[in-house]
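Engineer: A predicted structure for the sequence below; I have some questions about it.
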Amino acid sequence: MTRAIAILRLLGKSDEPLGVNAIARALDLIPSTCLHILRILVGEELVAFDAATKRYSLDAGMLTLARSVIRRNGFNEIVQPWLDRLSESYGVTAIGVQATGLDHMVVVAISRSNSPLRLHVEIGSRFPALISATGRCLAAFGGRPWSELESGFRTLRWDRPPSLRQWRAEIEAVRANGYSTDEGNYIRGVTILAVPVLNQQGIMSHSIVAVGVGEQIEQVGATALVNDMRNAATSVSENSGWA
């Protein structure tokens, strides 16, 4: 099971289909074992096989699983109207993110603006959990010890990386202010705002995120945008059964 999941994740991250030998090398698997697992995944329609190229890619069966998860996740339905409102009012890409430990955060809801310049994000997109504005929120409200946060920070890749000391100070500011701003650290020229959605224990389970070009965020007013994001996070938390 673990190896099958590893194969699916590898294919999901790859920009092009992969052959069995490439998959086996990447995951340190015996090629015959890798081929056996791939055939099972093909049979379940989770992976597609191209007979002409002898390569594998994710198949439509993954979409069925994803839709089932989305339907059962109450956060998506509750947060979507708020994301639509933020996107329409401020011209930003508004995103609902679920935190999954310190490994990854996953995009589970999205509303795109009509702006011609938009960040390319899709439902199911995965990012390092501690990166950017959402990562600072998770570090501040995730209930994890500093030793784990520091270890995770050292694996991150930024366009303009903050120092560890700066990052820690920014986390303390998030605890005090209840939101985080990433001004071009993660992606140069892009401003990302994030507000945590907390469960009953005060631990972050999800986040509401707004993404836009730096000048665009300045024009629409970051303060007003953050206030509406905080209202959204509070409402989502109060009206959900999972928080």
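Structural biologist: Perfect, thanks for sending it. Numbering: from 1, shown residues only.
Engineer: and Leu138, which of the three is it?
Structural biologist: helix (DSSP: H, G, I helix; E, B strand; the rest coil).
Engineer: Find me the pLDDT at it, would you?
Structural biologist: For Leu138, the pLDDT comes out at 96.
Engineer: Mind jotting down where the strands sit in this structure?
Structural biologist: 18-19, 47-50, 55-58, 93-100, 104-111, 126-128, 180-183, 190-198, 204-213 (DSSP state E).
Engineer: Make JSON lines from those strands and add mean pLDDT and distance to Val79 to it.
Structural biologist: Just so you know, the C-beta spots here come from the backbone N, C-alpha and C atoms, and that holds for glycine as well. Shown next, in JSON lines, are the strands of the chain (pLDDT from 0 to 100; distance: least, CB to CB, whole Å):
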{"stretch": "strand 18-19", "mean pLDDT": "94", "distance to Val79": "34"}
{"stretch": "strand 47-50", "mean pLDDT": "92", "distance to Val79": "31"}
{"stretch": "strand 55-58", "mean pLDDT": "92", "distance to Val79": "26"}
{"stretch": "strand 93-100", "mean pLDDT": "90", "distance to Val79": "4"}
{"stretch": "strand 104-111", "mean pLDDT": "89", "distance to Val79": "5"}
{"stretch": "strand 126-128", "mean pLDDT": "87", "distance to Val79": "18"}
{"stretch": "strand 180-183", "mean pLDDT": "94", "distance to Val79": "18"}
{"stretch": "strand 190-198", "mean pLDDT": "94", "distance to Val79": "8"}
{"stretch": "strand 204-213", "mean pLDDT": "92", "distance to Val79": "7"}
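Engineer: want to throw the ones you listed into JSON lines with mean neighbour count and distance to Leu11?
Structural biologist: Formatted as JSON lines, the strands of the chain follow (neighbours: other CB atoms under 10 Å; distance: least, CB to CB, whole Å):
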{"stretch": "strand 18-19", "mean neighbour count": "16", "distance to Leu11": "7"}
{"stretch": "strand 47-50", "mean neighbour count": "17", "distance to Leu11": "7"}
{"stretch": "strand 55-58", "mean neighbour count": "19", "distance to Leu11": "5"}
{"stretch": "strand 93-100", "mean neighbour count": "24", "distance to Leu11": "19"}
{"stretch": "strand 104-111", "mean neighbour count": "20", "distance to Leu11": "16"}
{"stretch": "strand 126-128", "mean neighbour count": "16", "distance to Leu11": "13"}
{"stretch": "strand 180-183", "mean neighbour count": "22", "distance to Leu11": "29"}
{"stretch": "strand 190-198", "mean neighbour count": "25", "distance to Leu11": "28"}
{"stretch": "strand 204-213", "mean neighbour count": "25", "distance to Leu11": "26"}
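Engineer: nearest to Pro81, of these?
Structural biologist: The minimum distance between Pro81 and the strands of the chain falls on strand 104-111, with 9.1 Å, by CB to CB.
Engineer: tilt between that closest one and strand 93-100?
Structural biologist: Angle of strand 104-111 versus strand 93-100, following axes from the mean of the first three to the mean of the last three CA atoms, to 10 degrees, is 150 degrees.
Engineer: Could you list the paired strands of strand 104-111 along with their orientation?
Structural biologist: Each strand paired with strand 104-111, and its direction, by DSSP bridges: strand 93-100 (antiparallel), strand 126-128 (antiparallel).
Engineer: so the longest one versus strand 204-213, what angle?
Structural biologist: The reference is to strand 93-100. Angle of strand 93-100 versus strand 204-213, following the same axes, to 10 degrees, is 150 degrees.
Engineer: quick one: contacts for the residue positioned nearest the centre of the chain?
Structural biologist: What sits nearest the mean C-alpha location of the chain, by CA atoms, centre = their mean, is Val106, with 3.2 Å. Neighbouring residues of Val106 by CB atoms under 8 Å, 6 or more residues apart in numbering: 97-98, 100, 124-126.
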